[in-house]
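In: take this sequence and fold it.
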Amino acid sequence: MEEWVEREARVHASTLPVIKPAMVETMSDVLKRPEHGITRHAIQYALLERAAHGQVRVEHTIGGTSWVHDTVKWAEQHDWIPAATAKAVREKAGKRVTYIDPDTLTLIELGSGWEGATEGLKEVVPRVVTVDDKRQNKGARKGLTVPELRGRFNRGKDKAVRWVAGKAGVSSKGGKMVWASVSCKEGSVSNSLGKTKKRGRGKRGGKKKDTWTTEDIDEVVEGIEEWEQTWGGVWVLENPKGSAVHRHPAVLRTWQGAKGVRKVEARGCCYGTASQRPYELWTNLTPEEWTPVDWMKACKHCRHNTQHPETWAPKKGSGSKRVGAKEGFTGTAIRNRIPRKLAVEVAVAMLQAVETRGLAAVDE
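Out: Okay, here's the model as predicted:
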């Protein structure tokens with residue numbers, strides 16, 4: 001368990017790991033060994049012992065408000081611990097364990113990446129469940145990203161969004177918002193995917209698109225559609241302008257020209273970045289609910305057609321001159337993080353839309 005916590009949940013050596021609800025589920029499934037008597041209950045009790053010793057904090061939906069009591073009672077009944085120890089663990093662990101109501105208004109973030117959007121979304125939304133298949137190193141001072149649910153989207157098939165909700169303990173009343181940002185590295189214009197090796201500029205230049213990339217985009221689109229039709233909610237799919245995601249067959253087939261769906265463009269220079277890097281977002285938010293900032297009005301460089309302080313993707317070199325470097329981010333993180341202010345603005349619009357549309361009160 002200690003190895004799992006360090007590998008999956010530790011942000012930085014100086015921080016206390018926080019085990020999120022989906023992590024509790026994942027840990028219980030991955031580490032159990034029934035043939036050796038190590039059950040899900042056993043794993044969860046071991047987690048509570050770590051919490052009792054101040055080694056982790058735990059957030060959970062599993063088992064309701066009585067989860068700590070019931071889990072410790074199980075350990076006592078199976079002669080793992082005496083009654084005195086059970087009482088101490090129950091009291092100490094209870095101080096570091098937080099129960100999250102499944103009906104809490106929640107945003108599911110498919111593809112949290114470098115957590116630029118995550119930070120903005122968490123400023124506004126009561127609960128954000130992050131999903132990604134990799135952990136990224138944001139910088140020596142910032143530490144690693146920690147997706148609550150780590151893995152690919154295709155595990156949920158065409159029910160990807162509701163599959164994530166089930167793993168994280170999110171109910172149909174709570175799961176009303178989705179932010180999706182699928183990896184575009186394998187299919188971006190800058191990486192010249194599909195061109196000859198002679199012309200290709202990036203690592204993927206001249207190579208075929210990975211099957212898993214296509215599958216992930218398919219499952220995200222299908223998952224959002226299935227979730228919207230079943231539970232109802234507001235959503236955004238974001239990627240940099242020029243990304244192959246926006247030209248993907250599933251995206252065009254499902255949303256291009258679809259009623260109630262539109263694609264808009266936002267520029268980073270209007271949301272706190274030093275470049276005008278453009279982002280395109282597919283969304284079912286109406287123009288009245290949210291429209292990106294007009295860069296011709298908000299940015300002097302765009303208005304006067306002058307050079308921005310940085311290019312879309314600042315090259316390697318002296319990090320001291322890059323915006324974000326002094327905060328402790330690596331050059332790669334700076335180039336790939338979605339503007340926090342953009343995520344904040346969209347999250348505010350989503351919350352207002354959920355309220356005005358009456359979605360929070362919709363039953364499954």
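In: how about the most centrally placed residue in the chain, secondary structure?
Out: Computing the C-alpha centroid of the chain and ranking residues by Cα atoms, centre = their mean puts T130 first, at 2.7 Å. Of the three states, T130 takes strand under DSSP: H, G, I helix; E, B strand; the rest coil.
In: pretty sure it is touching G151, no?
Out: No: the criterion here is Cβ atoms under 8 Å, and T130 misses it with G151 at 11.8 Å. For the C-beta atoms, the positions are set from N, CA and C on the backbone; glycine is no exception.
In: for the residue nearest to the centre of the chain, give me its contacts.
Out: T130 sits next to 109, 112, 115, 118, 146-149 when contact means Cβ atoms under 8 Å, 6 or more residues apart in numbering.
In: recalculate using a threshold of 7 Å.
Out: Contacts for T130 (Cβ atoms under 7 Å, 6 or more residues apart in numbering) come out as 109, 112, 118, 147-148.
In: TSV please, covering these and showing distance to E222, pLDDT and secondary structure.
Out: Formatted as TSV, these follow (distance: Cβ to Cβ, whole Å; pLDDT from 0 to 100; DSSP: H, G, I helix; E, B strand; the rest coil):
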residue	distance to E222	pLDDT	secondary structure
E109	18	97	strand
S112	20	93	coil
T118	23	96	helix
P147	21	95	coil
E148	22	96	coil
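In: greatest separation within the residues you listed: which pair is it?
Out: Farthest-apart pair in those is T118 and E148; separation 10.0 Å (Cβ to Cβ).
In: that older thread, leaving out chain neighbours, which residue sits closest to the residue nearest to the centre of the chain?
Out: Spatial nearest neighbour of T130, excluding adjacent residues (Cβ to Cβ, 6 or more residues apart in numbering): S112 at 3.8 Å.
In: ok, now H12?
Out: G143 is the one closest to H12 (Cβ to Cβ, 6+ apart), at 3.3 Å.
In: G54 now?
Out: R96 (7.0 Å).
In: likewise for I62?
Out: Nearest to I62 is V24, by Cβ to Cβ, 6+ apart, at 5.8 Å.
In: in the helix or strand in which the one you found is found, what counts as buried?
Out: Assigned by DSSP states H and E, V24 belongs to helix 21-31. Of all the residues in helix 21-31, those buried under the rule 16 or more other Cβ atoms under 10 Å are 21-28, 31.
In: so which of these is the closest to H78?
Out: Once Cβ to Cβ is applied, the member of the buried residues of helix 21-31 that ends up nearest H78 is S28, at 16.2 Å.
In: which residues does that closest one contact?
Out: By Cβ under 7 Å, 6+ apart, the residues touching S28 are 40, 43-44.
In: let's have these in CSV, adding distance to E219 and neighbour count.
Out: Below are the contacts of S28 laid out as CSV (distance: Cβ to Cβ, whole Å; neighbours: other Cβ atoms under 10 Å):
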residue, distance to E219, neighbour count
R40, 27, 17
I43, 28, 20
Q44, 29, 27
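In: just the ones of these in helices?
Out: Among the contacts of S28, the subset assigned to helices under DSSP state H consists of 40, 43-44.
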